[in-house]
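*Asks:* Mind looking at a prediction? Sequence and model below.
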Amino acid sequence: MKATHYTDVLIVIGSLNTGGTEKHLLQILPRLKKRGFKIAIATFSQPGTLAPLFEQHELSVFSPNLPSWTEKVTPIKLLLKVLWLGKILSSLRPAAVHSFLPEAYLIGNLWALLLKIPVRIMSRRSLNRYQTKHPLLTRLEHWLHGKTHILIGNSNAVVEELKKESGRNAQRVRLINNGVDTSVFSQTKSRRLVRSSLGIPEEALLITKVANYIPYKGHADLLSALHLISAKLPKNWRLACVGRDDGPLKTLQNRTKQLGLVENILWLGSRNDIPDILCASDIGVLNSHEEGSSNAILECMAAGLPMIATNVGGNPELLENGVTGILVSPKDCDNLADALLHLASDPHRRASMGAAGKSRVAKKFSLETCVQSYQQLYSSLKKDVP
């Protein structure tokens, strides 16, 4: 007898707070739902700030409602989250479980294995440096690769790491590139209006970085690089930093004061008008110490910005060095400063790189191409599920 599955795909993720992976899902899942897939989301930590946006698209978001006292008792909180997720999987009986990010993979796909969910998928969206801190969990993760039907990386760099970890199961690894909805960059507010709302002079050179405030994203390096060239940059230049504070913002603000850059740096926090800000900018920058494949790079390029990014992870797969932007060495403030000064002093070069980047995103990294990849994946699973 054929089993009845109430959900085609259950997405498992820690939370739906603002981040690259979460924004990626917010773009693709509603479109997949419109194409006939029954999709639900389980967030075992908390719903997150983006959860209402998913629910606006009639995507169910399930999260545990744990007692407040569990926040102070980590082992009990973890146990309750694990048990809750097992209950959700048993209740929804999805045809496939698709876990995003390492913690969700370990918890979600282990439950999927125990409950004999027909298809088990994982998506990794970063390099595996995190594994060095957790050797035992790393061994469990590598073992789980052999029990998972499909392992997805969002860049060739991530894919190659997954293949090495998977060994004889390397044929299960697939590549699905990130995609960007380019249409939102043709519907933005005027440059003058956006700059006026942010208190930025219309003639100022505006450099923008979209990245949550996390140490490996390299905000401190960027401040040091700008300090090196501040006297050579055009008058009234600005750096706009857009992202959620994951802890180091106060330290970064203090560093800004020490470097005498307070009047030049805007810490904008999380924003829902990123396309507007990017289209009002002159240069995009993402100088992370590590990356899987950055949506921020693609968004900057889609907005027509020349991009400066570190030569790490999947970044070289997105940015053509010397054509759509400049690749620099990670943690190299001198190299970063030279690249910034080069673009700051050459508006024609900025324009040509920006146009090339916009064209590259439209041709190779469109949202439609990304959604079609997931559609083909999930469609093939539906045929195979008993």
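*Replies:* Arrived safely, thanks for sending. Numbers count the residues shown, from 1 in each chain.

*Asks:* by contact count, what packs against the helix or strand bottoming out on mean pLDDT in the chain?
*Replies:* The helix or strand of the chain with the lowest confidence, counting by mean pLDDT, DSSP states H and E, is helix 367-384 at a mean of 88. Judged by 3 or more CB pairs under 8 Å, 6 or more residues apart in numbering; DSSP states H and E, the packing partners of helix 367-384 are strand 7-13, helix 20-34, strand 94-100, strand 119-124. (C-beta placed from N, C-alpha, C; glycine too.)

*Asks:* how distant is the longest one from the center of its chain?
*Replies:* It refers to helix 20-34. Offset of helix 20-34 from its chain centre (CA atoms, centre = their mean, to the nearest Å): 12 Å.

*Asks:* and for it, what are the contacting residues?
*Replies:* For helix 20-34, contacts defined as CB atoms under 8 Å, 6 or more residues apart in numbering pick out 11, 13, 15-16, 39, 41, 48, 50, 53-54, 57-59, 100-101, 123, 125, 178-179, 181, 294-296, 367, 370-371, 374-375, 378.

*Asks:* got the angle for that helix vs strand 94-100?
*Replies:* 160 degrees (axes from the mean of the first three to the mean of the last three CA atoms, to 10 degrees).

*Asks:* tell me the mean pLDDT over helix 20-34?
*Replies:* For helix 20-34, the mean pLDDT works out to 95.

*Asks:* and the angle for it with helix 367-384?
*Replies:* 60 degrees.

*Asks:* Quick one: list the elements packing against the helix or strand following helix 20-34.
*Replies:* The C-terminal neighbour of helix 20-34 among helices and strands, as given by DSSP states H and E, is strand 39-43. Secondary-structure packing of strand 39-43 (3+ CB pairs under 8 Å, 6+ apart): strand 7-13, helix 20-34, strand 60-62, helix 74-92.

*Asks:* quick one, which of the helices and strands packed on helix 367-384 is packed in tightest?
*Replies:* Stretch with highest mean neighbour count among the helices and strands packed on helix 367-384: strand 94-100 (a mean of 26; mean count of other CB atoms under 10 Å).

*Asks:* So what angle separates the directions of that one and strand 119-124?
*Replies:* Angle, strand 94-100 to strand 119-124, by the same axes, to 10 degrees: 10 degrees.

*Asks:* buried sites along the following helix or strand past strand 94-100?
*Replies:* Using DSSP H and E, the next helix or strand after strand 94-100 towards the C-terminus is helix 102-114. For helix 102-114, a neighbour-count test (16 or more other CB atoms under 10 Å) marks P102, E103, A104, Y105, L106, I107, G108, N109, L110, W111, A112 as buried.

*Asks:* Convert helix 102-114 to CSV, retaining C-alpha atoms only.
*Replies:* Provided in CSV are the C-alpha atoms of helix 102-114 (Å, rounded to 0.1, in the frame of the first residue of the first chain):
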residue,chain,number,x,y,z
PRO,A,102,25.1,21.7,10.3
GLU,A,103,23.1,21.7,13.6
ALA,A,104,19.8,21.1,11.7
TYR,A,105,21.5,18.4,9.7
LEU,A,106,22.7,16.5,12.7
ILE,A,107,19.3,16.7,14.5
GLY,A,108,16.9,16.6,11.6
ASN,A,109,18.5,13.9,9.5
LEU,A,110,19.2,11.7,12.4
TRP,A,111,15.5,11.8,13.2
ALA,A,112,14.6,11.3,9.6
LEU,A,113,16.9,8.2,9.5
LEU,A,114,15.3,6.8,12.7
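
*Asks:* now that helix: how far from the chain's centre is it?
*Replies:* 21 Å.

*Asks:* just checking, what packs against that helix?
*Replies:* Packing partners of helix 102-114 (3+ CB pairs under 8 Å, 6+ apart): strand 7-13, helix 74-92, strand 94-100, strand 119-124, helix 135-145.
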